[in-house]
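Engineer: Here is my input, please return the structure:
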Amino acid sequence: MLLPLTETVISPEAVWSCTTCYACVRVCPVGNEPMADIVDIRRRMLIDGYEIDSGVQNALQSLATNGNWMSKGKRLRGRWAKEMEFPVKNATEEPVEHLWFVGDTASFDERVIPNTKMVARLFNQGGLDFGIMYQNESNSGNDVRRVGEEGLFEQLVEQNMAAFGKAQFKQIVTTDPHSFNTLKNEYPQFGGTFEVKHYTVTLLKLIEEGKLTVKNKLSNYKVTFHDPCYLGRYNGGFTAPRKLLELLGVEFVEMPRNCENSFCCGAGGGQIWMGKVAPGERPAENRIKEALTTFGEGANAKTQLFIVTCPKDMIMYSDAVKTTGNEGKIEVRDIIQLVAEAVGVEMPLEAEAVAA
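Structural biologist: Now for the predicted structure:
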């Protein structure tokens with residue numbers, strides 16, 4: 001009799017602790033893909049009816065019903081856009097050059113929405129012809145696939161492909177590396193052959209073409225940068241964020257683990273949905289401590305910033321600063337906040353609250 005792998009080789013706890021950061025695949029000297037094996041085990045566990053974490057279950061149910069994991073109504077997805085001081089085009093109703101695939105966290109999480117609005121302001125000021133799909137957008141399915149729910153992933157792809165079919169656009173831009181990865185690399189399996197860019201690439205191009213002008217050099221900031229797994233290790237997106245920081249005039253220091261060897265925030269692979277968190281130090285807490293060590297001991301005349309380019313990172317690392325007791329020593333900011341300050345776009349009050 002063959003016993004299940006989860007009773008002989010790997011525990012269910014180990015299966016569900018994987019963040020799908022891809023590091024194990026990169027370093028394996030013989031080309032094995034432990035992460036892919038773990039995702040396959042998750043698929044089998046779901047098929048066999050294993051009990052899964054309540055937070056993951058709730059997220060999957062919401063994704064099936066609402067197209068997002070945050071239990072929000074579909075029509076609320078574009079509410080932030082209707083609050084803007086200028087109209088944000090509906091890409092399913094009028095042609096746009098750039099279709100902005102916003103993602104769940106950036107659309108619904110009140111801690112991230114101020115940054116989402118700032119991206120829109122800078123796109124608008126830079127003359128970018130962009131629009132969003134409002135309620136027609138669904139979760140891209142990247143994390144759904146990695147928790148093993150292949151059927152739901154295909155359902156979400158089908159919904160988004162139908163929405164893309166209603167829209168006229170030349171390329172997709174995303175603020176979420178997870179969406180970026182699956183739209184770029186996995187949607188082609190379903191006929192979705194799009195040119196997909198991360199917003200750091202789009203912002204860099206706007207500055208280099210003179211459509212956005214750096215008016216204020218940010219020499220009062222000492223910053224380090226966290227490479228998101230799904231932008232960096234998965235897709236090699238290392239250059240644009242660092243080039244942006246260079247153009248903004250900050251003092252930049254690399255953490256020891258950077259680029260291909262970057263550490264993980266701990267949110268990927270459905271971990272951000274988990275209702276039960278494993279005991280011990282969390283990856284994001286470890287990373288914040290690494291950043292502080294990189295900055296060095298003692299008082300620093302410059303404000304120390306931990307820069308992110310992923311909505312999930314904004315949440316994970318802001319929480320980690322608090323749980324490690326390092327408030328006042330280091331601030332987590334999305335790169336869009338620095339670009340806005342350097343370009344001279346007024347930071348609204350809600351964004352200041354996030355940065356504080």
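
Engineer: Give me the domain ranges for the chain.
Structural biologist: 75-146+157-205, 214-355 (automatic domain parsing).

Engineer: Look at the first one and report the distance between its end residues.
Structural biologist: Which is domain 75-146+157-205. In domain 75-146+157-205, first residue to last residue: 32 Å (CA to CA, to the nearest Å).

Engineer: got it, and stretch 259-269?
Structural biologist: So stretch 259-269: terminal residues 20 Å apart, CA to CA.

Engineer: go on, stretch 187-199?
Structural biologist: End-to-end distance for stretch 187-199: 19 Å, by CA to CA.

Engineer: same deal with stretch 185-192?
Structural biologist: 9 Å.

Engineer: Let's have the domains of the chain in JSON lines, adding mean pLDDT, distance to R42 and mean neighbour count.
Structural biologist: C-betas here are computed from N, CA, C, even on glycine. JSON lines is the format used below for the domains of the chain (pLDDT from 0 to 100; distance: least, CB to CB, whole Å; neighbours: other CB atoms under 10 Å):
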{"stretch": "domain 75-146+157-205", "mean pLDDT": "97", "distance to R42": "8", "mean neighbour count": "20"}
{"stretch": "domain 214-355", "mean pLDDT": "91", "distance to R42": "9", "mean neighbour count": "19"}
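
Engineer: Between the ones you listed, which one is closest to I52.
Structural biologist: domain 214-355 (9.4 Å; CB to CB).

Engineer: Go ahead and measure how far the closest one is from the middle of the chain.
Structural biologist: Counting by CA atoms, centre = their mean, to the nearest Å, domain 214-355 is centred 12 Å from the centre of its parent chain.

Engineer: Repeat that for stretch 171-191.
Structural biologist: Mean C-alpha position of stretch 171-191 versus that of the full chain (CA atoms, centre = their mean) differs by 12 Å.

Engineer: Out of the domains of the chain, which gets nearest to A59?
Structural biologist: Of these, nearest to A59 by CB to CB is domain 214-355, at 3.9 Å.

Engineer: List the contacts of the nearest residue to D104 once chain neighbours are set aside.
Structural biologist: Once flanking residues are discounted, D104 sits nearest to N68: 4.4 Å by CB to CB, 6 or more residues apart in numbering. N68 is in contact with 62, 74, 77, 104, 107-108, 138-139, counting by CB atoms under 8 Å, 6 or more residues apart in numbering.

Engineer: Any buried residues in stretch 45-64, and which?
Structural biologist: Within stretch 45-64, the residues that qualify as buried are 45-46, 50, 52-53, 55-56, 59-60, 62-63, counting by 16 or more other CB atoms under 10 Å.

Engineer: can you tell me how far the closest residue to E83 other than its chain neighbours sits from A267?
Structural biologist: Excluding its sequence neighbours, the residue lying closest to E83 (CB to CB, 6+ apart) is K117, at 7.5 Å. Computed as CB to CB, to the nearest Å, the K117 to A267 distance reads 22 Å.

Engineer: And E195, by the same measure?
Structural biologist: Counting by CB to CB - E195 and A267 are separated by 26 Å.

Engineer: ditto for L156
Structural biologist: Separation of L156 from A267 (CB to CB) stands at 18 Å.

Engineer: ok, back up a step: and the residue nearest to E83, which of the three is it?
Structural biologist: Judged by DSSP: H, G, I helix; E, B strand; the rest coil, the three-state class of K117 is helix.

Engineer: Verify the stated contact: it with R79.
Structural biologist: No. The criterion here is CB atoms under 8 Å, and K117 misses it with R79 at 11.2 Å.

Engineer: which residues touch stretch 54-66?
Structural biologist: The set of residues external to stretch 54-66 that reach it, using CB under 8 Å, 6+ apart, is 16, 68-74, 139, 144, 147, 149, 152, 155-156, 270, 273-276.

Engineer: what do you get if the cut-off is 6 Å, keeping everything else the same?
Structural biologist: For stretch 54-66, the external contacting residues (CB atoms under 6 Å, 6 or more residues apart in numbering) are 69, 71, 74, 139, 147, 149, 152, 270, 273-275.

Engineer: Quick one: the strands in this structure, in order.
Structural biologist: Assigned by DSSP state E, the chain shows strands spanning 89-90, 98-101, 130-132, 171-174, 196-198, 221-225, 251-252, 303-308, 331-334.

Engineer: Redo those strands as a markdown table? Include distance to Y234.
Structural biologist: Shown next, in a markdown table, are the strands of the chain (distance: least, CB to CB, whole Å):
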| stretch | distance to Y234 |
| --- | --- |
| strand 89-90 | 30 |
| strand 98-101 | 17 |
| strand 130-132 | 24 |
| strand 171-174 | 13 |
| strand 196-198 | 11 |
| strand 221-225 | 17 |
| strand 251-252 | 23 |
| strand 303-308 | 16 |
| strand 331-334 | 20 |
